[in-house]
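[1] Sequence first, predicted coordinates after that:
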Amino acid sequence: MGNIYEHDRSLLNMKVGKSSISKKTIWLIAYPIIFGNLAQTLITLTDTAFLGRVSGIALAASMMAGIYYYVYSTLAWGFSMGIQIIVARRLGENRLERIGVIFEHGLVFVTILSSALFLIQHFFNQQILANVIRSGNIYRSALEYMDYRHYGIIFVCFNFLFRALYIGLGHTKVISYSTLIMAVVNIFLDYALIFGHFGFPQMGVGGAAFASVCAEVSAFLFFIIYTLCVLPLKSYTLFYFHKLEGWLMKSLLRLALPTMFQKLLSFGTWFIFFALVEHMGETPIAVSGIIRSVYMLVMIPVFAFGATANTLTSRLIGEGKQKEVLPTVFKTIRQGLIAILPVLLCCLLMPHTVLSIYTPDLPLATASIPSLLVICCASLAMSFGIPLFEAVSGTGNTSYALILESIVLVAYTFSVWFFASFLGSQVEWVWTSEFTYGALIGLISLAYLKIANWQKKRI
């Protein structure tokens with residue numbers, strides 16, 4: 001316990017300069033998130049690789065249903081980012097005793113939110129998917145997937161809350177541990193349940209969904225045990241069952257609601273992306289299922305350094321070092337670009353080798369190469385855009401972050417529609433919309449950080 005607490009104190013005593021945040025500090029926060037996201041992406045990779053060997057329909061269905069599922073979970077992700085921002089701010093202010101109060105208010109809201117999301121999926125999945133998916137084969141497989149998958153939404157919501165607590169505190173190693181556990185559980189059960197090995201029933205696409213639920217439950221149990229056994233509960237007054245403070249819950253929701261809607265819009269648009277691609281035919285959606293998995297692998301460092309920029313921005317403002325925010329964000333961007341280069345080189349120099357991990361179908365892999373090259377370019381734009389946008393959220397101006405992304409998503413959605421519906425021939429053109437998003441969100445966020453008056457934002 002003492003080591004963790006001393007780590008908190010050391011982060012509060014950084015030297016002031018152009019950017020008092022060292023590269024080492026950035027990496028100490030980012031690399032456990034990278035590792036954790038790698039394990040999370042390994043789950044998606046495993047589902048894709050195994051189901052790609054079942055059938056193209058199973059692959060496309062799991063991808064469509066998975067994106068649909070994540071649209072719901074983004075509400076919990078958005079709320080947890082509000083918790084993350086405030087926890088990092090209180091850490092910067094050295095008001096450690098308020099962290100437990102904030103987290104407990106988050107627990108109350110997440111309990112209500114997760115229950116509502118479960119009920120919506122339980123009763124309305126069939127109607128919603130029927131109105132979105134055109135292919136009857138893909139629809140039936142997607143519904144089978146969601147019949148199991150929706151039971152995990154409650155655990156996902158709480159896992160996001162725990163992740164927010166630890167990222168806000170800078171204790172990101174715990175995320176690596178939790179996602180490693182998830183990956184191990186998911187890989188074993190995927191292999192056992194999809195194909196019926198080790199005496200388990202052969203469940204196909206439903207087995208992949210059930211394996212994911214078990215993985216989410218395992219992470220939830222780990223977070224609880226780790227928090228109770230390792231975190232200095234007394235220092236943070238965590239699990240002291242504080243009386244609910246109406247003004248605090250109102251402040252949390254004022255900060256988190258725009259982020260929740262922002263994440264919902266972002267992933268809702270991502271779902272629209274794949275729905276439009278599915279309307280292009282079963283081959284384009286199968287290609288996009290593979291490309292999505294590769295893209296998420298490439299984007300692991302981008303999202304990790306984005307979360308780092310968010311946390312450091314809020315912490316620096318809490319310490320009264322607002323002038324260091326932009327230099328620190330650009331330093332974070334440079335480290336992120338360095339981190340994605342190895343994966344990009346593998347994709348560019350050995351595309352067939354990379355794609356063969358996801359599918360043994362050579363024609364399908366060959367058809368995926370143009371889209372693979374496009375997402376490599378898009379990831380460079382995202383490496384610039386995501387940390388800058390996360391820094392906007394880190395200032396506490398989440399309403400402005402919602403407005404900024406809404407503007408960009410209009411352009412993004414138009415681009416997707418134009419290439420998928422108006423041209424409607426080559427799926428790689430649809431993927432160029434990712435480059436559009438990354439470039440625009442970066443430029444508009446940079447303009448905000450340079451021009452707007454965000455330095456004195458109180459949360």
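    Okay, I see it. This one's a predicted model, so the numbers in the text were calculated from it and none came from an experiment. Numbers count the residues shown, from 1 in each chain.
[2] helix or strand right after the helix or strand containing residue 227?
    Using DSSP states H and E, residue 227 falls within helix 205-230. Remark: after helix 205-230, the chain's next helix or strand is helix 233-236, criterion DSSP H and E.
[3] So for that following helix, mean pLDDT?
    The predicted model assigns helix 233-236 a mean pLDDT of 88.
[4] okay, which residue is most central for this structure?
    residue 303 (7.1 Å; Cα atoms, centre = their mean).
[5] Would you mind giving the secondary structure of residue 54?
    Three-state assignment for residue 54 (DSSP: H, G, I helix; E, B strand; the rest coil): coil.
[6] What separation do you get for it and residue 202?
    10 Å (Cβ to Cβ, to the nearest Å). C-betas here are computed from N, CA, C, even on glycine.
[7] picking that back up, the residue nearest to the centre of the chain is in contact with residue 386, isn't it?
    Yes - Residue 303 is within contact range of residue 386, at 6.7 Å (criterion: Cβ atoms under 8 Å).
[8] got the contact list for residue 432?
    By Cβ atoms under 8 Å, 6 or more residues apart in numbering, the residues touching residue 432 are 374, 378, 415, 419.
[9] ok, 6 Å please
    Residue 432 sits next to residue 374 when contact means Cβ atoms under 6 Å, 6 or more residues apart in numbering.
[10] Give the residues shared as contacts by residue 303 and residue 386.
    Contact with both residue 303 and residue 386 is made by no residue, according to Cβ under 6 Å, 6+ apart.
[11] the more surrounded of residue 54 and residue 202?
    Neighbours were counted for residue 54 and for residue 202 using other Cβ atoms under 10 Å; residue 54 has more, 18 against 13.
[12] Can you check the pLDDT for the more buried one?
    Listed pLDDT for residue 54 reads 78.
[13] and if you look at residue 420?
    For residue 420, the model assigns a pLDDT of 86.
[14] how deep is it tucked in, by neighbour count?
    Residue 420, neighbours per other Cβ under 10 Å, totals 24.
[15] Report the buried residues of the helix holding residue 227.
    Buried residues in helix 205-230, counting neighbours by 16 or more other Cβ atoms under 10 Å, are found at 205-220, 222-223, 226-227.
[16] One more: stretch 253-270?
    255-270.
[17] same check, this time on stretch 94-113
    Under the neighbour-count criterion of 16+ other Cβ under 10 Å, stretch 94-113 has 96, 98-106, 109-110, 113 buried.
[18] Between all of these, which two are separated the most?
    Spatially, the most separated pair among the buried residues of stretch 94-113 is 96 and 113, at 26.4 Å (Cβ to Cβ).
[19] And the helix holding residue 227, how far out from the chain middle?
    On the basis of Cα atoms, centre = their mean, to the nearest Å, helix 205-230 sits 17 Å off its chain's mean C-alpha point.
[20] Then stretch 196-204?
    What separates the centre of stretch 196-204 from the centre of its chain is 30 Å, taken as Cα atoms, centre = their mean.
[21] I'd like to know which helix or strand in this structure has the lowest mean pLDDT.
    When the helices and strands of the chain are scored by mean pLDDT, DSSP states H and E, helix 2-11 comes last with a mean of 41.
[22] what's the following helix or strand after that helix?
    Assigned by DSSP H and E, the successor of helix 2-11 is helix 23-51.
[23] roughly how far apart are residue 167 and residue 161?
    11 Å.
[24] Looking at these two, which one has more neighbours?
    More neighbours surround residue 167 than the other of residue 167 and residue 161, with 28 against 24 (other Cβ under 10 Å).
[25] The more buried one and residue 84 touch, don't they?
    Yes - if you go by Cβ atoms under 6 Å, residue 167 and residue 84 touch, sitting 5.3 Å apart.
[26] Can you give me the distance of residue 395 to residue 152?
    Between residue 395 and residue 152 the computed distance is 33 Å (Cβ to Cβ).
[27] Correction: the previous question concerned residue 130.
    Per Cβ to Cβ, residue 130 is found 22 Å from residue 152.
[28] quick one: which of those two has more around it?
    When residue 130 and residue 152 are compared for neighbours, residue 152 comes out ahead with 22 against 12, by other Cβ under 10 Å.
[29] Tally up the residues packed near the closest residue to residue 133 other than its chain neighbours, please.
    Leaving aside its sequence neighbours, residue 133 sits nearest to residue 139 (Cβ to Cβ, 6 or more residues apart in numbering; 4.3 Å). Number of residues near residue 139 (other Cβ under 10 Å) recorded here: 19.
[30] same for the helix or strand hosting residue 139, what does it pack against?
    Assigned by DSSP H and E, residue 139 belongs to helix 136-149. Packing contacts for helix 136-149, counted by 3 or more Cβ pairs under 6 Å, 6 or more residues apart in numbering; DSSP states H and E, involve helix 56-92, helix 97-132, helix 205-230.
[31] need these in a markdown table with distance to residue 427, can you?
    Formatted as a markdown table, the helices and strands packed on helix 136-149 follow (distance: least, Cβ to Cβ, whole Å):
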| stretch | distance to residue 427 |
| --- | --- |
| helix 56-92 | 12 |
| helix 97-132 | 18 |
| helix 205-230 | 22 |
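[32] Select, out of those helices, the one closest to residue 335.
    Among the helices and strands packed on helix 136-149, the nearest to residue 335 by Cβ to Cβ is helix 56-92 (18.6 Å).
[33] For the closest one, what is the distance to the chain centroid?
    That offset, for helix 56-92, works out to 5 Å (Cα atoms, centre = their mean).
[34] now for that helix, which elements pack on it?
    Counting contacts by 3+ Cβ pairs under 6 Å, 6+ apart, helix 56-92 packs against helix 23-51, helix 97-132, helix 136-149, helix 153-169, helix 205-230, helix 246-280, helix 282-298, helix 300-318.
[35] where's the residue lying closest to residue 256 once chain neighbours are set aside relative to residue 119, distance?
    Nearest non-adjacent residue to residue 256, counting by Cβ to Cβ, 6+ apart: residue 82, 2.8 Å away. Computed as Cβ to Cβ, the residue 82 to residue 119 distance reads 23 Å.
[36] Also residue 294?
    35 Å.
[37] Who has more neighbours out of the two?
    Just comparing residue 294 and residue 119: by other Cβ under 10 Å the higher neighbour count belongs to residue 294, 24 against 12.
[38] which SS state does the residue lying farthest from the centre of the chain fall under?
    Relative to the C-alpha centroid of the chain, counting by Cα atoms, centre = their mean, residue 199 is the outermost residue, at 34.3 Å. Under three-state DSSP, residue 199 falls in the coil class.
[39] quick one, phi psi at it?
    Reported as degrees, to the nearest 10, the phi and psi values for residue 199 are phi 80, psi 0.
[40] any chance you could map the helices in the stretch 301-450 of the chain?
    All helices of the stretch 301-450 of the chain, identified by DSSP state H, counting those that start in this stretch, fall at 325-349, 351-356, 362-394, 398-417, 427-431, 433-451.
[41] Compare the ones you listed and give me the one nearest residue 289.
    helix 362-394 (9.5 Å).
[42] for the stretch 51-200 of the chain, which spans come out with low pLDDT?
    Nowhere does the stretch 51-200 of the chain drop to pLDDT under 70.
[43] Swap in 90 and give it another go.
    51-71, 73-78, 80-98, 100, 131-138, 167-180, 182-183, 187, 199 (pLDDT under 90).
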